[in-house]
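A.B. asks: Need coordinates for the below:
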Amino acid sequence: MHNDELPREVILAIQQALDAHVGDVQNDPFDAVSLDTSFSPVPVLNDLFPDEASLAHLDLVNARLAETQRALQTEIDALQGELKRSQDPEKMQLIQEMISDLLGQMSRIREKATESEAVVRNITKDIQVLDTAKKNLILSMTTLKRLQMLVNALTQLEDLVKEKKYGEVAQTLAAVKQISATFKSYTGVQRVAQVWKRIQQIQGDLRSLIETDFDAFILQDSSKPVKATQITDACLAADVLGPDFRTHLIDRYVALELKEYRRIFRSTDEAGQLDNLSRRFAWFRRTLQTHEIEQGRVFPAEWRVGWCLLAKFVDITRDDLTMLLAKAGSSLTVQALLENLQITTEFENSMAKKWATSVRITFQRLIVGANSKYQLPAMLAATAGAHAVPPKPISAAFEPHMSIFVDAQDKVLADMLAPHRKSKAGRAQQPRPSVETLNSNNPDEETPSLVLSSSTDLFYFYAQSLEQCAKLSTGQALFDLCTLHKKWLRIYAEDVLISSLKRSPSQPQSRRSGDTRYDVQELKHACKLINTADYCLSTASELEDKIREKINEEFKERVSFQAERDMFVRYVLILGALTFRDVQNWSHSVVSAAIVIQLRELETACDAAFATMARTTWTATNQVSGQSAYAGDLVSAAKQVIETVKPLVEQKKYLRNLFDKACSLMLAKFTTAIVKSRPLKEIGAEQLLIDLQQVKSYLLKMPGEALMTASYTRGLTKSTTRLEALLKVIVTPVDPPEGFILNYTLLIGDASFSNFQKILDLKGTPKGQQNALLDAFLTITSTKTDLDSTSFLSSLDMEPPGPGQLGGSLVSPGGSRVSLPVAVNGEGIFATMTSPSSTGTMVGSNGGSQGGSGADTPNRGGERVFSDLRRFVSFGLRKDSMAQ
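C.D. replies: Residues are numbered from 1 along each chain as shown. Reported below is the predicted structural model:
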């Protein structure tokens with residue numbers, strides 16, 4: 001059709017536009033260039049002139065390019081002419097006219113299609129009317145037939161109701177309700193409305209008859225005997241009448257059954273008092289048994305009438321108990337509370353077991369019936385009813401009064417621990433009399449138990465009270481009991497364990513200066529305290545888990561014994577420098593306090609040997625004579641204490657911690673004795689090197705193979721190496737001075753003027769000779785820029801406390817400036833021995849184990865400049881004085 005009406009030139013133009021294609025760009029490189037947005041002449045020139053020989057054909061290439069240009073220009077002119085002809089106004093008008101004709105033809109086609117559709121509808125109109133008439137006729141016949149069936153069923157239902165044939169009534173009524181549902185939309189029709197009203201009237205008459213028969217059956221009216229089978233059929237009819245009527249019948253039956261209960265157990269009568277609570281439960285058990293044997297059999301099993309009876313009994317009894325407990329007030333005793341609560345929980349548990357299904361349920365879930373996962377929808381409907389809040393168990397009435405039980409547990413715990421607690425005034429003077437004493441006065445005799453029996457008694461009581469409370473309540477009362485347990489754990493740690501020590505860890509020793517005997521009983525008691533604290537730690541964790549397992553969900557996250565567990569072992573396993581300023585805070589840590597006592601007894605045992613060492617006059621020694629006597633006494637005394645402790649401490653981690661601190665203590669006191677026994681001279685330093693090897697040999701064997709750790713060995717080796725370096729420098733002769741100073745720089749490794757002065761003081765170099773050595777030291781070290789400004793000697797205290805104060809290092813920070821180091825610490829023993837400050841407080845307590853004066857602090861930046869400046873000024877002043 002288009003070929004006959006469109007001009008031939010238009011058809012050719014459209015065909016050319018559709019079939020246009022790009023020419024072969026490979027024949028002409030400029031065609032390929034024209035397709036690219038960015039032009040680069042380099043590829044074109046490379047194609048035209050691939051090598052130098054092709055330049056000879058330059059004229060030929062030029063001619064070819066000129067010819068190509070002319071051809072392109074001709075093509076451009078032809079296209080421009082064609083474009084000009086295509087834009088002729090007459091031709092455009094012709095095209096528009098053709099488009100208008102095409103649109104007109106489409107409109108005419110649409111009109112003809114509409115006319116055809118109207119013709120088809122007119123032809124099929126009669127057929128559609130006949131189809132609609134057929135549908136209406138079928139619906140009318142079906143409706144009239146159903147109406148006839150409904151009227152016949154109603155007539156039959158009326159006859160059955162009059163004859164009280166409830167079994168057949170249930171079936172017929174179900175059919176009537178099913179058929180009548182289809183006429184609900186036709187209630188506007190008079191005849192249908194009459195039938196609908198008749199149905200409602202028959203259901204009302206049926207309800208009245210069933211209620212009358214139920215009352216007669218329940219009350220056992222002899223004038224109107226009713227058979228049980230008839231009531232069973234009536235229950236089927238009640239189910240058809242709807243859940244509301246069924247609930248009404250159940251509530252009426254429950255009310256009639258419990259009417260006698262309300263009369264007998266009124267709260268104002270004697271039978272309704274607290275001491276007769278068991279009679280209430282006995283009465284209900286008898287009533288429930290009668291219900292199951294007699295009346296209960298007529299009810300369908302899915303009605304769960306027994307559950308409803310129990311729920312109503314629980315509701316009434318709970319309200320009565322709430323009023324009775326509130327009336328009792330302060331006169332309510334713990335015994336009465338627990339006895340009645342025990343009776344109540346036993347009754348609840350027996351009821352839960354009675355109706356237990358394949359899914360285990362608690363009494364509260366049985367009463368509430370509100371959790372679908374226990375599949376008790378019938379129970380939920382029977383007990384909760386229209387109430388939004390499900391009923392609570394009877395034991396809920398005791399919840400507000402459970403504080404009486406918790407207070408009673410508090411008093412029992414107070415009485416239990418009273419013999420083990422000591423008054424604050426007598427804690428430091430005499431041993432705790434209530435802690436288990438030894439079987440004999442022999443200090444070497446083993447104790448029969450490694451743990452205080454008071455701790456096992458305490459946790460045994462905790463377990464009993466927890467089980468008792470969990471049986472009675474797992475809510476607020478159990479949480480209050482948990483809080484009470486935490487309180488008495490703190491009291492036990494502070495007032496029983498720590499206070500049972502002869503002397504508290506933070507109190508100075510008060511023994512005579514000549515008394516060097518350690519207390520074996522105190523040492524063993526400290527071991528027992530460590531074991532007891534560890535037992536309390538682990539058992540407290542188990543107690544926490546047990547409470548979390550039993551307590552209600554809303555309290556689980558609030559149950560924690562972490563603070564109480566920390567009171568038993570706080571600070572024990574810290575592998576850092578242990579300063580005795582911290583000991584004042586150790587009144588909250590049982591194991592830490594016991595370890596301090598053990599270290600104090602070790603110090604007491606070693607005091608005699610260290611005192612002998614400090615009093616030795618090394619200047620009178622002419623030659624080295626092997627190991628000194630005091631070294632053997634020192635090793636023997638330490639061995640006695642350690643061997644006493646080893647078998648008495650159960651956990652190895654506490655023994656390892658003790659060995660670390662004991663090693664540091666002995667090396668600290670060994671260093672202090674070296675300083676106090678100066679001047680040493682070369683012979684004295686040699687003898688001390690031998691004695692140090694003996695002490696080191698024992699310290700290496702002290703833990704034993706089972707308890708030896710790599711960190712302990714490293715710390716011990718590092719500390720003794722520093723002591724050996726100190727003594728080796730002293731052994732070196734001062735002549736020649738250059739060799740002595742060179743040995744100092746190699747062994748000590750610093751350029752500290754004050755540290756070199758300490759070496760000279762320890763060596764006992766005369767003052768006159770010291771000036772020359774100091775000058776030489778400044779001269780030599782000023783050229784050695786690789787030396788540090790400080791070393792382990794920077795923290796060495798050249799004026800340690802006197803013999804009377806030596807024992808105070810483990811007790812009072814003011815009594816000694818030598819803090820207890822840990823051998824595994826990076827700085828070892830010397831890092832904790834510092835010079836006293838002007839205020840007399842412990843140096844190094846503010847910033848860790850590195851103490852010392854301002855010039856010898858670990859800060860290597862500006863302090864190095866200050867140290868060099870001080871050495872320079874000192875050197876200049878010395879030169880000026882020598883010149884004068």
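A.B. asks: And the pLDDT for Val583?
C.D. replies: Note on Val583: pLDDT of 40.
A.B. asks: what's whichever strand or helix holds Thr290 packed up against?
C.D. replies: Assigned by DSSP states H and E, Thr290 belongs to helix 277-293. In terms of contacts (3 or more C-beta pairs under 8 Å, 6 or more residues apart in numbering; DSSP states H and E), helix 277-293 is packed against helix 259-264, helix 305-328, helix 334-354. Yep, even glycine has a C-beta here, placed from its N, CA and C like the rest.
A.B. asks: Which positions within the shortest one qualify as buried?
C.D. replies: Under the neighbour-count criterion of 16 or more other C-beta atoms under 10 Å, helix 259-264 has Tyr261 buried.
A.B. asks: and it, C-alpha only, in CSV?
C.D. replies: The C-alpha coordinates for helix 259-264 follow below in CSV (Å, rounded to 0.1, in the frame of the first residue of the first chain):
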residue,chain,number,x,y,z
LYS,A,259,-18.8,-21.9,97.4
GLU,A,260,-18.2,-24.1,100.4
TYR,A,261,-14.5,-23.3,100.4
ARG,A,262,-15.2,-19.6,100.7
ARG,A,263,-17.6,-20.2,103.6
ILE,A,264,-15.3,-22.5,105.6
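A.B. asks: May I ask you to confirm that Ala540 is in contact with Phe561?
C.D. replies: Yes: using C-beta atoms under 8 Å, Ala540 is in contact with Phe561, at 4.7 Å.
A.B. asks: Identify the contacts common to these two.
C.D. replies: Leu489 (C-beta atoms under 8 Å, 6 or more residues apart in numbering).
A.B. asks: in the helix holding Thr290, what's buried?
C.D. replies: Result for helix 277-293 [16+ other C-beta under 10 Å]: buried residues 277, 280-281, 283-284, 287-288, 291.
A.B. asks: Distance from the chain centre to it, please.
C.D. replies: 48 Å (C-alpha atoms, centre = their mean, to the nearest Å).
A.B. asks: avg pLDDT for that helix?
C.D. replies: 90.
A.B. asks: which one of the helices and strands packed on helix 277-293 is the most hemmed in?
C.D. replies: Across the helices and strands packed on helix 277-293, the average number of neighbours (mean count of other C-beta atoms under 10 Å) peaks for helix 305-328, which reaches a mean of 19.
A.B. asks: Now do Asn552 against His401, distance only.
C.D. replies: Distance, Asn552 to His401, using C-beta to C-beta, to the nearest Å: 18 Å.
A.B. asks: With Asp691 instead?
C.D. replies: 73 Å.
A.B. asks: Give me the more crowded residue out of those two.
C.D. replies: Higher neighbour count among Asp691 and His401: Asp691, with 25 against 20, using other C-beta atoms under 10 Å.
A.B. asks: What strand or helix carries the more buried one?
C.D. replies: Here Asp691 is assigned to helix 681-701, by DSSP H and E.
A.B. asks: Pull out the buried positions in the helix or strand following that helix.
C.D. replies: Scanning forward in sequence from helix 681-701 by DSSP H and E, the next helix or strand is helix 710-731. Buried residues in helix 710-731, counting neighbours by 16+ other C-beta under 10 Å, are found at 712, 715-716, 718-720, 722-731.
A.B. asks: Would you mind measuring from the residue nearest the centre of the chain to Leu543?
C.D. replies: Against the mean C-alpha coordinate of the chain, by C-alpha atoms, centre = their mean, the closest residue is Glu557 at 9.0 Å. Counting by C-beta to C-beta, the separation of Glu557 from Leu543 is 17 Å.
A.B. asks: Ala271 too?
C.D. replies: Taking C-beta to C-beta, one finds Ala271 at 42 Å from Leu543.
A.B. asks: out of these two, which sits in the more crowded spot?
C.D. replies: Set Ala271 next to Leu543 and count neighbours by other C-beta under 10 Å: Leu543 wins out with 22 against 13.
A.B. asks: so what's the more buried one up against?
C.D. replies: Taking C-beta under 8 Å, 6+ apart, one finds 459, 462-463, 466, 485, 561 in contact with Leu543.
A.B. asks: again, only this time at 7 Å
C.D. replies: 462, 485, 561 (C-beta atoms under 7 Å, 6 or more residues apart in numbering).
A.B. asks: now Ser455
C.D. replies: 532, 535-536.
A.B. asks: Return the member of these nearest to Ala336.
C.D. replies: Cys536 (34.3 Å; C-beta to C-beta).
A.B. asks: what comes up buried for the host helix or strand of the closest one?
C.D. replies: Element membership of Cys536 [criterion: DSSP H and E] is helix 520-550. Neighbour counts over helix 520-550 (16+ other C-beta under 10 Å) mark 520, 522-537, 539-540, 543-544, 546-547, 550 as buried.
A.B. asks: Neighbours of the closest residue to Leu742 other than its chain neighbours, how many?
C.D. replies: The shortest distance from Leu742 to any non-neighbouring residue, by C-beta to C-beta, 6 or more residues apart in numbering, is to Ile780 (7.5 Å). Burial of Ile780 is recorded as 17 neighbouring residues (other C-beta under 10 Å).
A.B. asks: any idea how far Ile780 lies from Asp735?
C.D. replies: 15 Å.
A.B. asks: Where do the helices of the stretch 1-150 of the chain begin and end?
C.D. replies: 2-5, 8-19, 29-34, 41-48, 58-86, 89-163 (DSSP state H, counting those that start in this stretch).
A.B. asks: gap between the fifth one and the chain center?
C.D. replies: This means helix 58-86. Using C-alpha atoms, centre = their mean, the offset of helix 58-86 from its chain centre is 87 Å.
A.B. asks: what packs against that helix?
C.D. replies: Helices and strands touching helix 58-86, as assessed by 3 or more C-beta pairs under 7 Å, 6 or more residues apart in numbering; DSSP states H and E, are absent.
A.B. asks: So what angle separates the directions of that helix and helix 41-48?
C.D. replies: Here helix 58-86 points in a direction 120 degrees away from that of helix 41-48 (axes from the mean of the first three to the mean of the last three C-alpha atoms, to 10 degrees).
A.B. asks: Dump the C-alpha coordinates for stretch 335-342 into PDB.
C.D. replies: Backbone C-alpha positions of stretch 335-342 (Å, rounded to 0.1, in the frame of the first residue of the first chain) are rendered in PDB as follows:
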ATOM      1  CA  GLN A 335       9.500 -20.200 111.000                       C
ATOM      2  CA  ALA A 336       5.900 -19.400 110.300                       C
ATOM      3  CA  LEU A 337       6.800 -17.800 106.900                       C
ATOM      4  CA  LEU A 338       9.000 -20.700 105.800                       C
ATOM      5  CA  GLU A 339       6.600 -23.400 107.000                       C
ATOM      6  CA  ASN A 340       3.700 -21.900 105.100                       C
ATOM      7  CA  LEU A 341       5.800 -21.200 102.100                       C
ATOM      8  CA  GLN A 342       7.100 -24.700 102.100                       C
END
